[in-house]
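In: sequence first, then the predicted structure, then my questions.
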Amino acid sequence: MSAITELRSMKRKRGTPATKTSTNLRRSDGKAAAVFLAPWFLGLVTVTLFPLVASLYLSFTKYDLLSSPQWVGFQNFVDLFHDERIWQSLKVTMLYVVTSVPLQLGVALLVAVLLNQGMKGLAFYRSVIYLPSLMGGSVAIAILWREIFGEEGLLNKFLALFGIHGTGWVSNPDTALWTIVLLHVWTFGSPMIIFLAGLRQIPDMYYEASQLDGASRWRQFRSITLPLLSPIIFFNLVMQVITAFQAFTQAYVVSGGTGGPSDSTLFYTLYLYQEGFSNLHMGYASAMAWVLVLIILALTGLNFWLSKFWVFYGD
Amino acid sequence: MATPTLTPTDLGTRISTLAEAAPEKHRRGLWRSRTTSVLRHTVVIIACLLMIYPLLWMLGSSFKPTEEIFRDLSIVPRHWDFSNYSTGWNSLTYQFGKYMLNSAAIVMGCLLGNLVSCSMAAYAFARLQFRGRRIWFAVMLVTIMLPIHVIIVPRYVMFQHLGWVNTFLPLIVPSLLATDAFFIFLMVQFFRGIPMELEEAARLDGCGHARIFLQVMLPLSVPALATTAIFTFIWTWNDFFSQLVFLTSDDVKSAPLALRMFLDSSSGSSWGPMFAMSVVTIIPIFLIFLFGQKYLVRGIATTGIK
């Protein structure tokens, strides 16, 4: 179903010859494959692999785009370790990832289960709820968010109805990040659709049988829905963690490109952009990018390791 | 509730008691299910309203005079003011339409690239036997998860040497070269579901791979192509990071970049025009949402798009 399951099954099937398709008619495949794969292969080499290697090289250099790169060994990584803004950006990003991802998936699951009780008008509700996730990544919505959570914004007007005087949520370092977390949760529509599709795969008879045995709704959810849905939840978790770690647009727009107030929305990629493209510290930015890759790899690995304890594969 | 283990006789009595209780329980269940159903619909409707309230508010605000926007929570303007749109349209260096067209040009290029080159690569991976297929396929899957940030700096250097910065090429050429591997994967999945017999029949009739691809596979893959087109459109239209990097001079800026300029220039007095142009940039997405529903939902549900 997903790229991850695909990789898993490839690993499992290794060694068995790939002769499932009828090979008797195939002779000229090699040549045809070369033609069909030509654009992809050219792209892989020129705009993916070559830049990948080049960025590894640049991460060991000082490079400002004007003069040629100077080899500095591990200096960038040492500097990185002593850079307070890096640690701040890691803190902000981690906080964002560990709050926004579980919250978004939790809400998505909750609403999916709620909608899956054979409700009329499901398609309509599903569409309305899904709409924000198409737009959530856009600059327009980020601007809207800035105005909703501003000092004079919509939220404070709403709170004023109850006599509460709210702060400027976006300009207050204690709350700015949470407005972006909320923006991410707001786009729970797309995981919800995936969960709905997954829920429909669960045979009704499991629920009927457990009902005869007197299982409560909660018990059914815990013992049937969750385990059978866990591979899908897991896939979403892995992908969302990867993408959330690269979040950029919202923080950039909401903070006006600074990551402020007082670096409270300085996402890792935002700092990377500032270093690379505002300060032209391209070597340093490349080192940051490789650290990002390592962190994402580590988090994904951690996710896979943790999955042993909660993901249920029926096979 | 704990479930006691049942002996066969137990089971018999239990079934008969269940059968007796059934009509009564059914009636009660019906009443209960009706109230819970009403309750559930109410909850869901409130949730939906809450979800789209910000969008409606933005739409409403785009028709309000700026001083009215933050006065209250209402969606409907007290005084309709259409001038926000003309003010916003003309308040940047170029007319806003130019930025919209720039965005459209980028989207068209990416659409072409993803539809053609990704489907070609997908055909090779799904149907052709060649040496190293599994390895290349794995490489392709891994590139899906590669963060753009780790290649953006060298790409920038490379494209700058080619003189491509401040053109659309750095945004379009990678798509033409099937770099959005996610769509390759999506189409591989789809191609695998097409019965092999069709192609074998075509092959016996003397079709080569080109004709099988063009005249058998592609016509059968309209849903996958539509999903690809829709998501390419939305992601490219919303893309900000790579456009921010590669497009810096005013005449090539895309709609999201132009929209952001409102924030730089806004002295707090141009909220109305800013909301108006925000609405303008969202309209294409909304149209896709309206007319592409079927493919959107199916695409997400079957491939687990983020």
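Out: Cool, got the structure.
In: my guess is A:Ala285 contacts A:Tyr271. True?
Out: No: when contacts are counted by Cβ atoms under 8 Å, A:Ala285 is not listed as touching A:Tyr271 (9.0 Å). C-beta here means a position set from N, CA and C on the backbone, and glycine is covered the same way.
In: who's more crowded, these two?
Out: Per other Cβ atoms under 10 Å in any protein chain shown, whichever of A:Ala285 and A:Tyr271 has more neighbours is A:Ala285, with 26 against 23.
In: so what's the more buried one up against?
Out: Neighbouring residues of A:Ala285 by Cβ atoms under 8 Å, 6 or more residues apart in numbering or on different chains: A:Leu272, A:Tyr273, A:Glu275, A:Gly276, A:Phe277, B:Val153.
In: next one: B:Tyr53
Out: By Cβ under 8 Å, 6+ apart, the contact set of B:Tyr53 is B:Ile75.
In: hmm, try it at 10 Å
Out: Applying Cβ atoms under 10 Å, 6 or more residues apart in numbering or on different chains to B:Tyr53 gives the contacts A:Ile148, A:Leu154, A:Phe158, B:Leu73, B:Ile75.
In: ok, B:Ala210 next?
Out: A:Ala32, A:Val35, A:Phe36, B:Tyr123.
In: distance of the second one relative to chain B?
Out: So the one you mean is A:Val35. Shown here: A:Val35 relative to chain B, a distance of 8 Å by Cβ to the nearest Cβ, to the nearest Å.
In: and A:Glu84, by the same measure?
Out: For A:Glu84 relative to chain B (Cβ to the nearest Cβ), the value is 21 Å.
In: and that residue, what pLDDT?
Out: pLDDT, A:Glu84: 91.
In: for it, grab the count of nearby residues.
Out: For A:Glu84, the neighbour count with other Cβ under 10 Å is 8.
In: surely it meets A:Asp263?
Out: Yes: with contact defined as Cβ atoms under 10 Å, A:Glu84 reaches A:Asp263; the gap is 9.1 Å.
In: my read: A:Met282 touches B:Arg155, true?
Out: No: contact criterion Cβ under 10 Å: A:Met282 and B:Arg155 do not qualify, at 11.4 Å.
In: who touches both of these two?
Out: Residues touching both A:Met282 and B:Arg155 by Cβ under 10 Å, 6+ apart: A:Ser55.
In: now the longest helix along chain A: buried residues?
Out: As assigned by DSSP state H, the longest helix anywhere in chain A is helix A:84-115. For helix A:84-115, burial by neighbour count (16 or more other Cβ atoms under 10 Å in any protein chain shown) applies to A:86, A:88-90, A:92-93, A:96-97, A:99-101, A:104-105, A:107-109, A:111-113, A:115.
In: still on that earlier bit, so can I have a markdown table of the contacts of A:Ala285 showing pLDDT, distance to B:Val107 and neighbour count?
Out: A markdown table is the format used below for the contacts of A:Ala285 (pLDDT from 0 to 100; distance: Cβ to Cβ, whole Å; neighbours: other Cβ atoms under 10 Å in any protein chain shown):
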| residue | pLDDT | distance to B:Val107 | neighbour count |
| --- | --- | --- | --- |
| A:Leu272 | 95 | 26 | 28 |
| A:Tyr273 | 95 | 23 | 23 |
| A:Glu275 | 94 | 30 | 24 |
| A:Gly276 | 93 | 26 | 25 |
| A:Phe277 | 93 | 23 | 18 |
| B:Val153 | 93 | 25 | 28 |
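In: closest to B:Ile46 out of those?
Out: Among the contacts of A:Ala285, A:Tyr273 lies closest to B:Ile46 (Cβ to Cβ), at 38.9 Å.
In: what packs against the host helix or strand of A:Phe50?
Out: Here A:Phe50, judged by DSSP states H and E, is contained in helix A:50-58. Where contact means 3 or more Cβ pairs under 10 Å, 6 or more residues apart in numbering or on different chains; DSSP states H and E, helix A:50-58 is packed against helix A:282-310, helix B:149-161.
In: what mean pLDDT does it have?
Out: 95.
In: please apply the same query to stretch B:253-261.
Out: 92.
In: hey, C-alpha coordinates of it in PDB?
Out: The C-alpha coordinates for stretch B:253-261 follow below in PDB (Å, rounded to 0.1, in the frame of the first residue of the first chain):
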ATOM      1  CA  LYS B 253       7.600  35.800  -8.600                       C
ATOM      2  CA  SER B 254       4.800  33.400  -8.100                       C
ATOM      3  CA  ALA B 255       1.500  34.000  -6.500                       C
ATOM      4  CA  PRO B 256       2.600  32.800  -3.000                       C
ATOM      5  CA  LEU B 257       5.700  35.000  -3.100                       C
ATOM      6  CA  ALA B 258       3.700  38.000  -4.200                       C
ATOM      7  CA  LEU B 259       1.200  37.400  -1.400                       C
ATOM      8  CA  ARG B 260       4.000  37.400   1.100                       C
ATOM      9  CA  MET B 261       5.100  40.800  -0.200                       C
END
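In: of the contacts of B:Tyr53 - the most surrounded one?
Out: Counting by other Cβ under 10 Å, top hit in the contacts of B:Tyr53: A:Ile148 with 23 neighbours.
In: so that one touches A:Gly168, yeah?
Out: No: taking contacts as Cβ under 10 Å, A:Ile148 lies outside contact range of A:Gly168: 11.6 Å.
In: and for the two, which residues touch both?
Out: Applying Cβ under 10 Å, 6+ apart, one finds that A:Ile148 and A:Gly168 are jointly contacted by A:Asn156.
In: mind listing what the spatially closest residue to A:Trp310 that is not a sequence neighbour touches?
Out: Take A:Trp310 and drop its neighbours on the chain: the residue closest to it by Cβ to Cβ, 6 or more residues apart in numbering or on different chains is A:Ser230, 6.2 Å away. By Cβ under 10 Å, 6+ apart, the residues touching A:Ser230 are A:Gly198, A:Leu237, A:Ser307, A:Trp310, A:Val311, A:Phe312, A:Tyr313.
In: pick the one among the contacts of A:Ala285 closest to A:Leu44.
Out: Closest to A:Leu44, out of all of the contacts of A:Ala285 and judged by Cβ to Cβ, is B:Val153, at 18.4 Å.
In: and A:Val311, what does it touch?
Out: A:Val311 touches A:Pro227, A:Leu229, A:Ser230, A:Pro231, A:Ile232, A:Ile233, A:Phe234, A:Phe235, A:Leu237, A:Asn303, A:Phe304, counting by Cβ under 10 Å, 6+ apart.
In: ok, B:Ile282 next?
Out: A:134-135, A:138-141, A:144, B:55, B:58-59, B:237-238, B:255, B:259, B:289.
In: list the ones among these that fall in helices.
Out: Those of these mapping onto helices are A:134-135, A:139-141, A:144, B:55, B:58-59, B:237-238, B:255, B:259, B:289, per DSSP H.
In: surely B:Val43 touches A:Gln117?
Out: No: with contacts counted by Cβ under 10 Å, B:Val43 stays clear of A:Gln117, the gap being 11.6 Å.
In: quick one: low-confidence ranges for the chain?
Out: Here I'm looking at chain A. Residues of chain A that meet the criterion pLDDT under 70 lie in A:1-4, A:11-28, A:314-315.
In: you answered for a different chain; I wanted chain B.
Out: Judged by pLDDT under 70, chain B has its weakly predicted residues at B:1-32, B:265-269, B:301-306.
In: break down it into its strands, ranges please.
Out: Read by DSSP state E, chain B holds no strands at all.
In: for chain A, what is the nearest residue in it?
Out: Chain B approaches chain A most closely through B:Leu177 (2.6 Å), counting by Cβ to the nearest Cβ.
In: how many residues are close by that residue?
Out: B:Leu177, neighbours per other Cβ under 10 Å, totals 23.
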